[in-house]
Each structure stands twice: as structure tokens, then as C-alpha cells.
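1. quick one: sequence and predicted model below, then my questions.
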Amino acid sequence: MQAYLFVLPAVVIIGIFKVFPAIAAFYMSLFKWDVIQGAFRGFGNYTDWLYDNSLRSPDFWRSLSTTFTYVILTVPLEIAFSLVIAYLLFQKIRGRGIYRTAYYLPYVTSFVAAAVVFNWLFHPQYGLVNALLGVVGIGPQRWLDEPSGFFQIVASAFGIALPEWAAGPSMALVVVSIVTVWHYLGYQVVIFLAGLSNISNEYYEAARLDGASERQIFTKITLPLLSPTTFFVFTIATIGALRSFDTVFILTGGGPLDTTRTVTLLIFKTALQQAQFGLGAALAFILTLIILLFTLVQFRVLGRRVYYG
Amino acid sequence: MATVARTFPRSTPRPRLRIRGRTIALHAFLIVVALAVAYPFYFMVTSSFKDLLEATKNPPDVFPAQLHPENYIEAWNRAPWGRYFVNTIFVSIAVTIGELVTASLAGYAFARMRFPAKSVLFIVFLATLMVPSEATIIPNYVLMSPSRNGCLGLPCLGWFDTYQVQIVPFIATAFSIFLMRQFFLSIPSELSDAARMDGAGHLRFLWSVALPLSVPALITAGLVTFLGSWNAFLWPLIVTTKPDFRPVQVGLSAFRQEAGSSYHLLMAASTFVIAPIVLLFLVAQRYLVQGIARTGIRG
């Protein structure tokens, strides 16, 4: 009986604020629910988002595409950078602690404060980034205020006009992605360092005895044995990007011209600014399903190629 | 056990780079990246000591021509920062203590006690880790709202603009429960056997033996919780409307609008908002880093 008393506080809190709302969210998504509960709509809120409502569904597909673009822009960069840095830090070098602290600092910093600084570094008029680009002869950019596609901007600098489908993610989304990578880099480095320290030194010694080069050791030993960690980082970074709200909301609020409005921002707008809880809950549920599906697919597809020593 | 006792890089021998030139190249690379990563902080702090004219100079001066510490006083006086800080500190500490208590108790029960439905409960807790907060935020918002609209069949809490709305939902998480459970599992059963022989009950054993042995886990869970609470933004943004209960992050966000183009003041405010958590991190980074390496939580 005592055991129940031990788990009771946790059960009450998690039950009321986590389990119950998860179920309630699904319930709400089946109704017209604009602040107060209205008529039962079945899956009407879902079909509105997916195809039925000519005002809603373009917003949905656009935000979904923005969300996935954001994932593609951030996750591979985060993994590549943090893997290289962790590998280098793992060598016997002096000052490892100092480097690690420096890389890690952005992660403990609140995004609001970080956004204040980055908004200014990328300021169209006063920003340092434009000043630096000016030195190498590139004209000032509007960065976070720039809805045009990144590829389009680069191509037009060379006098090439790109078709609209090849314009690429908006410049604003690219900047948001850079700031995101900056923020999470140190976190991923720490995870990779832990993974590296789990690889037994015997493998390295044996390889050296056989005369393997540093590059061979990295590609044939470190990378394969590190694959569970890489997989873990990949999964958690992807889910983090699918869910991220603060980053985009604080830097751009979804603009310019809605080019950075991810699904989470659309949920926020629908449910909390327009007070359409039912529609918002349906959207939140769609996102949850995508996240769950993604986790499972990642696990099946990548899981097979991961070496579990 | 294996995952908990994971050794940290410091103690393991690692592959060696022999060639000196490579070592120099390595440091050069690491320093360049470190400077790029740390530059925004440097920029923030130096700009906070400049006057407005100098602060908007582009490219910026590396160091202020003249120090203007009065920026901090001006920024501090332009918004109710004292109130914001008191709110954030109170909420963060309350959440951290609450979470450590619930996680210790529940983690202990899952690790050391037997009871019916234990595994079912455990799986439900596990599953909550998979549910993103986006899915639960709307019902939670409704639950907290004033009573006139009905609250999903539950009694309405009417907790907008309070402290408890920022504290109570967060004083138990599956993450901390698992962390504590893992740690309690690693305590040798000889210890609990001996305690039982001496007539100590579970609560006594938890308090006098298990918790003192688990100080590193408590610090880790506490730091992760504290950091998350200190930096919380979306939830306090939507459930508070008055400065009386708003935390510093929401305050800073409001100050961004209000300060407009007074960039030097904005930088000063940003500096004092992140200073406490950066200092805490520098003092306790070992535990935070270990906690992340062990559990892979990402805020």
C-alpha cells in the first residue's frame, strides 16, 4: 500500500496535466470548439486542414512543407558539425574543457535573449553580417525580413533567374536555421562525446597494430561503432525540429509573408490567437501523429543499418 | 546499470594524434568555431556598455570607447525587472523542489518496491515522454481558464495569472522519475537488506541511505528542471497577462517591443537575464553535461 503513496503525487500530476489532456485533445478535435464547445464534427476539423477547406488546407500544407524544410536545413548540419567537433575534442588535446564550455554556452541561454542578439547581428541596416559581406563586395541582405528564396537570391547575384519552384527556402528560414544550429550544437557535442567514450579502446589498439591510418580508423571503427549514438542524435534532433516553437516564434513570429510559419506556429495562431480550439487540437494531433510516425519509420529504416556492438 | 554508470570522456584513454602540425591545425579549427559560437555573447556584453550611437555603429567597435554601466540601471528601471526575477526564481525553485520530491518517491517505488499494476503504470509514464507538449497545450489552457466556458468536464481551475499555473503542471515528469529510478536500481541490495534488519522502513531507507547516495542524480535532475523552468517561454506567455506573475523570459520578450531601437538597453537587459543561468552553468556544468549525456533530454 505504501508504494501507492509513493507514486501518488506523480500519478496525480502526470495524469491531470499530461495523460488527460492528451485524450482531451483528441476529443476536442472532433468538435467545433471556438472557445466553447460546439457541434460534433467527426473528422471535419481534420479534413478541413487536409483538403476540405480552401482557406485552411493551403495554410496547412505550406506550414508542413516549411516544417520539413526546417528539419532538412538544421538536422544534417547539426549532426555533421557536432560529430566533427566531438571527434576532435575527443583527441588528446589541451583545453578540452574550455572548448566544451564555449560550445555548450548557447544551449543554456534562453532563446529570447539569443534572439535579441541575432536579430541585431542580422539587422538589415546595423547588422554585423551585412557589414562583413560588404567587405567582400556582397550587397546588404534583409535576412530575417527576406521572404525570397535563398537559391533565388544567390542565383540572381550571378544574373541567373530561377523558376519559382527552385527558389528554395526563404532567406528568413535559412537564418532561423543557422541560429537553431548554433543553439543546439553544444548539446549534440555532449551526446557524441558520451558515445565516443563508450567505444572500447581495444578496437583502436588492434587497428593500430594492424597499421591502420587515422582516416581508416575513423571510417572503419569510429563511425560504425558510433552509429547508435548518431542514430539517437538524428532522431532527437528531428523530433526537436518538428516540435520547435520558441526558435521560430521569437525570431520571426512566422513572417515574413508567412515563409517561416511552421506547423507549431499555425497551431498557436489557430488555437490561441483565433481561439479555435477544435481546429487547433486537430492540427496538434496531426503533428503528434507525424512525430510518432517519424520515430517509427526512423527506427525501422535506420535501425537496420545501425551497428549495435 | 550500464547506461547509468557510463564513464565520462575524461577517464578513458583516447586515440592520439601524433603529428604536431595536425595538433596546431586542430586547435586552429576548434578556436575558430569556438569564437564563432561565443561571439554573440561577446557582442551582447560589449554592446551593453556602449552608448546608443556607438552601439549602432557598423561594423561595431571591438571594445566600447567609454564604458556606460548606467545602461544597466536605465534598462532595469524601464520595466518591472525586480518583479520578473522574483517570479522566475520563485517558480523555478518551486518546480525544482517539487519535481525532486515526486521523482524521488516515484523513482524509488519503481526501483525498489513491488505493487500491482506497477508495469502498466510504468509504461503509461514512458508513453507520456512520446506525447509532445503541442498535443496537450490546448486542453491544459482550457483547464486553466476561468470557469465561464466550461473546462472539459473537470472543475475549472481558473489559474490564469497565478504562480501555481506555472508550477503545478511541471512538478512531476517521467524524465526525472526514470533518472531517479535508474540511480536507485544501482544501489546494492545488501544495503536495503541491512536496513530492513535494523527495522528501517522504506521511507527511512530512502531518506537516510538512498537519497544521500543519489546526490549526483538529484543535482542532475534538479539542474535540468531548473534550466527548463528558467527558460520556459510559451506556457507562461499564454497563461499570464500581468507583469505581477510574468517570468523574465516573457518580460524580456515584452521589453523587446517596448525598448524599440534602444539597442544598448536591450543588450543590457539580455545580459542580466541570462547572467544567472550562465553563472549557474559554469559552476555546475559537470552535472548538467553528465545528465544530458545519460538521458539525452533536449529542451
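-> Ah, there it is. Numbers count the residues shown, from 1 in each chain, chains lettered A, B, ... in the order given.
2. so chain B: which segments form each domain?
-> Following automatic domain parsing, one finds the domains of chain B at B:27-68, B:81-295.
3. need the winner for burial among those domains.
-> Of the domains of chain B, the one with the most neighbours on average (mean count of other C-beta atoms under 10 Å in any protein chain shown) is domain B:81-295, at a mean of 19. In short, each C-beta sits where N, CA and C put it, glycine included.
4. any idea which residue is closest to the centre of chain B?
-> Central residue of chain B (C-alpha atoms, centre = their mean): residue B:227, 1.5 Å from the mean position.
5. for the helix or strand of chain A with the lowest mean pLDDT, name the packing helices and strands.
-> Ranking every helix and strand in chain A by mean pLDDT, DSSP states H and E puts helix A:277-305 at the bottom, with a mean of 82. Helices and strands touching helix A:277-305, by 3 or more C-beta pairs under 8 Å, 6 or more residues apart in numbering or on different chains; DSSP states H and E, are helix A:20-28, strand A:31-34, helix A:44-47, helix A:56-90, helix A:223-243, helix A:263-267, helix B:133-144.
6. centre of the chain versus it, how much separation?
-> Remark: helix A:277-305 is offset 14 Å from the chain centroid, using C-alpha atoms, centre = their mean, to the nearest Å.
7. could you dump the helices and strands packed on helix A:277-305 into TSV with distance to residue B:189 added?
-> Shown next, in TSV, are those (distance: least, C-beta to C-beta, whole Å):
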stretch	distance to residue B:189
helix A:20-28	36
strand A:31-34	52
helix A:44-47	51
helix A:56-90	36
helix A:223-243	30
helix A:263-267	46
helix B:133-144	37
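8. tell me which residues of the least confident helix or strand of chain A are tucked away?
-> Within helix A:277-305, the residues scored as buried using 16 or more other C-beta atoms under 10 Å in any protein chain shown are A:277-288, A:290-291, A:295.
9. what about the stretch 151-299 of chain B, any weak spots by pLDDT?
-> For the stretch 151-299 of chain B, the stretches flagged by pLDDT under 70 are B:291-299.
10. scratch that, chain A is what I was asking about
-> Ranges of chain A meeting pLDDT under 70: A:298-299, A:301-309.
11. what kind of secondary structure is residue B:176 in?
-> helix (DSSP: H, G, I helix; E, B strand; the rest coil).
12. I figured residue B:165 hits residue B:144, correct?
-> Yes: with contact defined as C-beta atoms under 8 Å, residue B:165 reaches residue B:144; the gap is 5.4 Å.
13. need the overlap of contacts for these two.
-> Residues touching both residue B:165 and residue B:144 (C-beta atoms under 8 Å, 6 or more residues apart in numbering or on different chains) are B:157, B:159, B:239.
14. from residue B:33, how far off is the second one?
-> Going back to what we said before, that points to residue B:159. 45 Å (C-beta to C-beta, to the nearest Å).
15. the first one now?
-> From residue B:157 across to residue B:33, the span is 47 Å (C-beta to C-beta).
16. repeat for the last one
-> Remark: distance between residue B:239 and residue B:33 (C-beta to C-beta) = 39 Å.
17. report whether stretch B:33-40 contacts chain A.
-> Yes: contact of stretch B:33-40 with chain A (C-beta under 8 Å from any C-beta of the partner chain) involves B:33, B:34, B:37, B:38, B:40.
18. I'd say the fourth one and residue A:102 touch.
-> Yes: using C-beta under 8 Å as the test, residue B:38 is close enough to residue A:102 to be in contact (4.9 Å).
19. quick one: contacts for the closest residue to residue A:60 other than its chain neighbours?
-> In this structure, residue A:60 finds its nearest non-sequential neighbour in residue A:49, 4.3 Å apart by C-beta to C-beta, 6 or more residues apart in numbering or on different chains. Taking C-beta under 8 Å, 6+ apart as the contact definition, residue A:49 lies against A:56, A:57, A:60, A:279, A:282, A:283, A:286.
20. need the helices for the stretch 1-150 of chain B, in chain order.
-> Ranges of helices in the stretch 1-150 of chain B, per DSSP state H, counting those that start in this stretch, are B:20-48, B:52-55, B:70-77, B:81-112, B:118-128, B:133-144.
21. generate a markdown table for these, with mean pLDDT and distance to residue A:192 as supplementary columns.
-> Formatted as a markdown table, the helices of the stretch 1-150 of chain B follow (pLDDT from 0 to 100; distance: least, C-beta to C-beta, whole Å):
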| stretch | mean pLDDT | distance to residue A:192 |
| --- | --- | --- |
| helix B:20-48 | 89 | 14 |
| helix B:52-55 | 84 | 37 |
| helix B:70-77 | 94 | 38 |
| helix B:81-112 | 95 | 27 |
| helix B:118-128 | 88 | 25 |
| helix B:133-144 | 88 | 26 |
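22. closest one to residue A:66 among these?
-> When the helices of the stretch 1-150 of chain B are compared by C-beta to C-beta, helix B:133-144 sits nearest residue A:66, at 15.4 Å.
23. and for that closest one, what's in contact with it?
-> Here helix B:133-144 makes contact (C-beta under 8 Å, 6+ apart) with A:16-18, A:20-22, A:24-25, A:28, A:243, A:245, A:264, A:267, A:271-272, A:277, A:280-281, A:284-285, A:287-288, B:149, B:151-152, B:154, B:156-160, B:165, B:169, B:234-235, B:238-239.
24. mind saving the C-alpha coords of that helix as CSV?
-> What follows is helix B:133-144, C-alpha atoms only, in CSV (Å, rounded to 0.1, in the frame of the first residue of the first chain):
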residue,chain,number,x,y,z
SER,B,133,3.5,19.3,-25.4
GLU,B,134,1.8,20.7,-28.5
ALA,B,135,-0.8,18.0,-28.2
THR,B,136,-1.6,18.8,-24.6
ILE,B,137,-1.2,22.6,-24.5
ILE,B,138,-4.7,23.4,-25.7
PRO,B,139,-6.6,21.3,-23.2
ASN,B,140,-4.3,22.4,-20.4
TYR,B,141,-5.0,26.0,-21.4
VAL,B,142,-8.8,25.3,-21.3
LEU,B,143,-8.3,23.6,-17.9
MET,B,144,-6.6,26.7,-16.5
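25. packing partners of the helix or strand that that helix is followed by?
-> Going down the chain from helix B:133-144, the next helix or strand is helix B:164-167, by DSSP states H and E. Helix B:164-167 makes packing contacts with helix B:81-112, helix B:234-239 when contacts are defined by 3+ C-beta pairs under 8 Å, 6+ apart.
26. to chain A, which of those helices lies closest?
-> Among the helices and strands packed on helix B:164-167, helix B:81-112 comes nearest to chain A, with 3.8 Å by C-beta to the nearest C-beta.
27. output the contacting helices and strands for the closest one.
-> By 3+ C-beta pairs under 8 Å, 6+ apart, helix B:81-112 packs against helix A:2-14, helix B:118-128, helix B:164-167, helix B:174-185, helix B:215-230, helix B:248-259.
28. enumerate the positions of the helix or strand harbouring residue A:152 that are buried.
-> Per DSSP H and E: residue A:152 is located in helix A:150-157. Residues of helix A:150-157 classed as buried: A:150, A:152, A:153, A:155 (neighbour count, 16+ other C-beta under 10 Å).
29. and the nearest residue to the last one once chain neighbours are set aside, what does it touch?
-> Yep, that's residue A:155 we're talking about. Nearest residue to residue A:155, sequence neighbours excluded (C-beta to C-beta, 6+ apart): residue A:162, at 4.8 Å. Listed by C-beta under 8 Å, 6+ apart, the contact set of residue A:162 reads A:149, A:151, A:152, A:155, A:156.
30. reformat those into TSV and put distance to residue A:109 next to each item.
-> Formatted as TSV, the contacts of residue A:162 follow (distance: C-beta to C-beta, whole Å):
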residue	distance to residue A:109
A:149	30
A:151	31
A:152	32
A:155	35
A:156	35
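31. return the distance of stretch B:79-89 from the chain's centre.
-> Worked out by C-alpha atoms, centre = their mean, stretch B:79-89 lies 17 Å from the chain centre.
32. what's the answer for stretch B:266-273, then?
-> Relative to the mean C-alpha coordinate of its chain, stretch B:266-273 is positioned 19 Å out (C-alpha atoms, centre = their mean).
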